[in-house]
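S.K.: no FASTA, just this:
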């Protein structure tokens, strides 16, 4: 009888204790699931490309900056890819020889280099701005820019390339003028304007009131400032006829 009584007591004890163990078991299971997700499902891995030999070429940058460079390049490659592309399968992103530059000015370290991707027939200039005091160097501290002119080796890509700056400005393609604008003086400012599907727009803002309906002197002054602004565009190395030129007034 004693044995039967002990058995009943054990069954009762297990029945009482086991409900309290269930929450712990669930918690352990959730932790294991979380660890599995972190180990095997890492979206950032898919969003970062491999840049061959980057750790040997690029100096004085922490790993987090290197990863941000890889992520920015991945985004731009996707924008320029035809159809779906598996970022993780691109294995021929190489830093172009003699393109690496690094300098420090006003506490900001600027690192730049060109990457070439033979399989995609694409090239980009990487620009990283790293604040040495640990402060954020701005939203555009990591860029993968289209390249132009003598730096182009895949000529068919020069006229269809898109990068973050051109996309955010609604441009039909990246244009080298975007890297010298905005430009401003006391009398006018020049910036990227409204573009159409096959032409980039440039807006010239005159720092005067709209002379319409005013005296002849004001109208002549406005025309003079317009000519000066157009001459500046030519001085910067661009032909105003290649762009949609729009004029507006500051006041």
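M.R.: Structure's in. What do you need? Values in this document were obtained by computation on a predicted structure and should not be read as measured data.
S.K.: got the contact list for stretch 153-172?
M.R.: The contact list for stretch 153-172 (C-beta atoms under 8 Å, 6 or more residues apart in numbering) reads 72, 75-76, 79-80, 116, 121-124, 140, 143-148, 152, 173-175, 178-179, 192, 194-201. The C-beta positions use only the backbone N, C-alpha and C, and glycine is treated the same way.
S.K.: one more time with 7 Å
M.R.: With C-beta atoms under 7 Å, 6 or more residues apart in numbering as the test, stretch 153-172 has contacts from 76, 79-80, 116, 121-123, 143-146, 148, 152, 173-175, 178, 192, 195, 197-200.
S.K.: which of these count as buried?
M.R.: Among those, those scoring as buried are 76, 80, 116, 122-123, 143-146, 148, 173-175, 178, 192, 195, 200 (criterion: 16 or more other C-beta atoms under 10 Å).
S.K.: in helices only, show me those.
M.R.: 76, 80 (DSSP state H).
S.K.: what sits closest to residue 177 if chain neighbours are left out?
M.R.: Among residues not flanking residue 177 along the chain, residue 238 sits closest, at 5.1 Å (C-beta to C-beta, 6 or more residues apart in numbering).
S.K.: that neighbour: neighbour count?
M.R.: Neighbour count of residue 238, defined by other C-beta atoms under 10 Å: 18.
S.K.: thought it was touching residue 178?
M.R.: No. Checked against C-beta atoms under 7 Å, the pair residue 238 and residue 178 is beyond contact range at 10.6 Å.
S.K.: three-state assignment of the residue nearest to residue 177?
M.R.: coil (DSSP: H, G, I helix; E, B strand; the rest coil).
S.K.: so what's the backbone phi/psi at it?
M.R.: For residue 238, the backbone dihedrals (degrees, to the nearest 10) come out as phi -130, psi 150.
S.K.: distance of residue 67 from residue 73?
M.R.: 11 Å (C-beta to C-beta, to the nearest Å).
S.K.: the two: who's more crowded?
M.R.: Shown here are residue 67 and residue 73; by other C-beta under 10 Å, residue 73 has more neighbours (24 against 14).
S.K.: contacting residues around the more buried one?
M.R.: So, once contact is read as C-beta under 7 Å, 6+ apart, residue 73 ends up touching 49, 115, 124, 126, 144.
S.K.: looking at the residues you listed, which is nearest residue 105?
M.R.: When the contacts of residue 73 are ranked by distance to residue 105 (C-beta to C-beta), residue 126 comes first, at 18.2 Å.
S.K.: and that closest one, bridged to which residues?
M.R.: residue 113, residue 144 (DSSP bridges).
S.K.: burial of it, as a residue count?
M.R.: 24.
S.K.: wait, which of the contacts of residue 73 is closest to residue 86?
M.R.: residue 49 (10.6 Å).
S.K.: any idea which element the closest one lies in?
M.R.: Under the criterion DSSP states H and E, no helix or strand holds residue 49.
S.K.: what about the nearest residue to it once chain neighbours are set aside, which helix or strand?
M.R.: Leaving aside its sequence neighbours, residue 49 sits nearest to residue 74 (C-beta to C-beta, 6+ apart; 4.6 Å). Assigned by DSSP H and E, residue 74 belongs to helix 63-80.
S.K.: give me the buried positions along that helix.
M.R.: Across helix 63-80, burial judged by 16+ other C-beta under 10 Å covers 65-66, 68-77, 80.
S.K.: after that helix, which helix or strand is next?
M.R.: Next element after helix 63-80 (DSSP H and E): strand 93-95.
S.K.: could you point out which element follows that next one?
M.R.: From strand 93-95, the next helix or strand downstream (DSSP H and E) is strand 101-105.
S.K.: what about residue 231, how many neighbours?
M.R.: Residue 231 - counted by other C-beta under 10 Å - has 11 other residues nearby.
S.K.: again, but for residue 162
M.R.: Neighbour tally, residue 162, other C-beta under 10 Å: 15.
S.K.: repeat for residue 149
M.R.: 8.
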